[in-house]
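Trainee: Sequence and predicted structure, then a few things I'm wondering about:
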Amino acid sequence: PSGIRPAYWYEDEEIVVGASERAAIQTVFNVPFTSVKELKPGHALIIKCHGAISEEPFTEPREHRACSFERIYFSRGNDREIYLERKKLGELLAKPVLEAVDYDIDHTVFSYIPNTAEAAFYGLAEGLEKELNNWKQEQILKLKASKKLSPEKLQDILNRRPRVEKLVHKDEKQRTFIADTKSRNNMVSYVYDVTYGLVENKKDNLVLLDDSIVRGTTLRDSIVNIASRLKPKQIIILSSAPQIRYPDCYGIDMSKMKDFIAFQALVELLQENGQSELLQAAYKRCKASENLPSEMIKNEVAVLYDNFEYCEISQRISKLVTPEGIKTSVRVIYQTLDGLHQACPKNKGDWYFSGRYPTPGGNRVVNRAFMNFMENRDERAY
């Protein structure tokens with residue numbers, strides 16, 4: 001009813017077919033974008049024995065809350081809309097990262113963590129060009145106003161470009177996010193490698209874009225470790241997705257609070273600030289509402305995050321993804337919720353980021369996941 005998961009279908013005089021991705025139908029049947037229809041929320045595709053095909057409502061549609069993580073990560077990305085949305089997610093990070101390096105383009109190398117961040121990286125590169133063009137215009141106008149604009153200075157300004165490189169390489173056969181926990185921990189240590197000789201020791205900033213950061217395992221156990229061998233001045237990790245703070249219960253394997261690095265950061269900050277009692281208070285509220293009807297249950301974890309600014313959580317995550325013994329400074333910059341909605345306007349489902357679940361059962365799941373954490377129970381919340 002909320003259109004959480006995508007469904008597309010196509011018909012002609014010979015066949016009718018459905019799939020979770022529009023591009024799959026386009027590729028197999030060689031049909032244009034406009035010929036593939038999206039199944040409306042609260043509707044079922046009915047195919048009669050005599051060949052009649054129709055979309056029929058089976059319940060009242062609710063607020064449309066299509067899953068945004070489908071757009072960020074799960075879909076293959078060869079759908080036109082998804083590709084452009086991923087590019088926009090990357091573009092929106094251009095200004096924040098330039099501010100983080102004080103616009104020092106000459107001493108910053110930009111790259112990405114393969115493979116699902118590639119489209120977002122193209123957007124980041126375009127965003128950097130736009131920001132740099134604005135800077136170039138300002139510099140030229142300043143020099144012109146002061147009558148110091150020479151052909152040499154003009155050419156020097158025009159020649160400045162972002163240093164975009166392919167620095168991180170991944171074994172194409174392995175995808176750690178969808179592996180089980182034990183296999184994932186074994187895989188991440190050797191799945192990545194880097195290109196040497198492009199980052200100037202102790203002088204260049206190294207910026208790496210990832211599509212999302214769920215557990216932080218890959219960053220801590222592999223990416224940051226191997227990237228630090230390039231000896232950059234600092235490592236900045238960009239996430240095209242916002243902070244993943246809450247579990248999913250609609251088909252994505254993100255069900256344990258203890259696994260989320262954003263939640264780990266929250267717990268550390270609460271403990272460090274002498275606010276551990278807030279965890280116990282939230283636990284008691286969860287237990288008290290455990291047997292209430294789903295419609296009456298509130299997300300009791302969300303209030304814990306309200307104690308800290310978004311950037312404070314990011315700063316603590318930066319520490320958590322830094323391996324022991326790494327002297328290089330590591331910083332993590334996340335996409336904002338506003339940025340997500342700007343880039344993916346049709347997919348408002350953001351419960352793993354915001355805690356706003358599209359169904360009443362979602363609040364029950366997040367509370368149960370939190371209770372499992374407090375009780376040291378390593379099990380799913382559903």
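Mentor: Arrived safely.

Trainee: least trustworthy helix or strand in the protein by mean pLDDT?
Mentor: helix 181-187 (a mean of 56; mean pLDDT, DSSP states H and E).

Trainee: Name the next helix or strand downstream of that one, please.
Mentor: Using DSSP states H and E, the helix or strand that follows helix 181-187 in sequence is strand 192-194.

Trainee: who does the helix or strand just after that next one touch, helix- and strand-wise?
Mentor: Downstream of strand 192-194, the next assigned helix or strand under DSSP H and E is strand 205-210. Helices and strands touching strand 205-210, by 3 or more CB pairs under 8 Å, 6 or more residues apart in numbering; DSSP states H and E, are strand 108-112, helix 118-145, strand 234-239. The C-beta positions use only the backbone N, C-alpha and C, and glycine is treated the same way.

Trainee: could you redo the ones you listed as JSON lines and give each row distance to residue 333?
Mentor: Converted to JSON lines, those look like this (distance: least, CB to CB, whole Å):
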{"stretch": "strand 108-112", "distance to residue 333": "13"}
{"stretch": "helix 118-145", "distance to residue 333": "11"}
{"stretch": "strand 234-239", "distance to residue 333": "5"}
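
Trainee: Return the residues in contact with the spatially most central residue of the chain.
Mentor: Centroid-nearest residue in the chain: residue 241, 2.3 Å away (criterion: CA atoms, centre = their mean). Shown in contact with residue 241 (CB atoms under 8 Å, 6 or more residues apart in numbering): 69, 72-73, 89, 211-213, 334-335, 340, 353.

Trainee: Before we go further, it is sitting in a strand, right?
Mentor: No. Residue 241: not assigned to a strand; according to DSSP: H, G, I helix; E, B strand; the rest coil it is coil.

Trainee: what does the model give it for pLDDT?
Mentor: On pLDDT, residue 241 comes in at 98.

Trainee: if I look at it, how far off is residue 134?
Mentor: With distances taken as CB to CB, to the nearest Å, residue 241 is found 26 Å from residue 134.

Trainee: same deal with residue 213?
Mentor: For residue 213, the distance to residue 134 - CB to CB - is 29 Å.

Trainee: more crowded one of those two?
Mentor: Using other CB atoms under 10 Å, the more surrounded residue of residue 213 and residue 134 is residue 213, with 26 against 11.

Trainee: Regarding the more buried one, what is its secondary structure?
Mentor: Residue 213, by the three-state scheme (three-state DSSP), is coil.

Trainee: Just list the residues touching it, thanks.
Mentor: By CB under 8 Å, 6+ apart, residue 213 lies in contact with 219, 237, 239, 241, 243-244, 261, 317, 321, 332, 334.

Trainee: Greatest separation within those residues: which pair is it?
Mentor: 241 and 321 (15.0 Å; CB to CB).

Trainee: Which pLDDT value goes with the spatially closest residue to residue 263 that is not a sequence neighbour?
Mentor: Distance criterion CB to CB, 6 or more residues apart in numbering; nearest residue to residue 263, sequence neighbours excluded, is residue 257 at 5.0 Å. If you check residue 257, the pLDDT there is 97.

Trainee: Residue 336: neighbour count?
Mentor: Counted with other CB under 10 Å, residue 336 comes out at 16.

Trainee: what's the spacing between the residue nearest to it when sequence neighbours are not counted and residue 355?
Mentor: In space, and not counting its chain neighbours, residue 336 is closest to residue 242: 6.3 Å by CB to CB, 6+ apart. Distance from residue 242 to residue 355, counting by CB to CB: 12 Å.

Trainee: quick one, which of those two is more surrounded?
Mentor: residue 242 (25 against 19).

Trainee: Between the two ends of stretch 338-352, what distance do you get?
Mentor: 15 Å (CA to CA, to the nearest Å).

Trainee: Any chance you could list what contacts it?
Mentor: 2, 4, 63-72, 81, 85-86, 88-89, 92-93, 241-242, 244-248, 252, 254, 337, 353, 356-358, 362.

Trainee: same for the one helix or strand residue 10 maps to, what does it pack against?
Mentor: Residue 10 belongs to strand 8-11 when assigned by DSSP H and E. Packing contacts for strand 8-11, counted by 3+ CB pairs under 8 Å, 6+ apart, involve strand 16-19, helix 22-29, strand 37-38.

Trainee: What strands line up against it, and which way round?
Mentor: Counting by DSSP bridges, the strands paired with strand 8-11 are strand 16-19 (antiparallel), strand 37-38 (antiparallel).

Trainee: How far does it sit from its chain's centre?
Mentor: 29 Å (CA atoms, centre = their mean, to the nearest Å).

Trainee: any idea of the mean pLDDT for that strand?
Mentor: pLDDT averaged over strand 8-11 gives 97.

Trainee: Repeat that for stretch 142-158.
Mentor: For stretch 142-158, the per-residue pLDDT averages 96.

Trainee: what's next to it, contact-wise?
Mentor: Counting by CB under 8 Å, 6+ apart, 136, 139-140 sit against stretch 142-158.

Trainee: TSV for the residues you listed, including distance to residue 151 and neighbour count?
Mentor: Shown next, in TSV, are the contacts of stretch 142-158 (distance: CB to CB, whole Å; neighbours: other CB atoms under 10 Å):
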residue	distance to residue 151	neighbour count
136	15	15
139	15	16
140	12	15
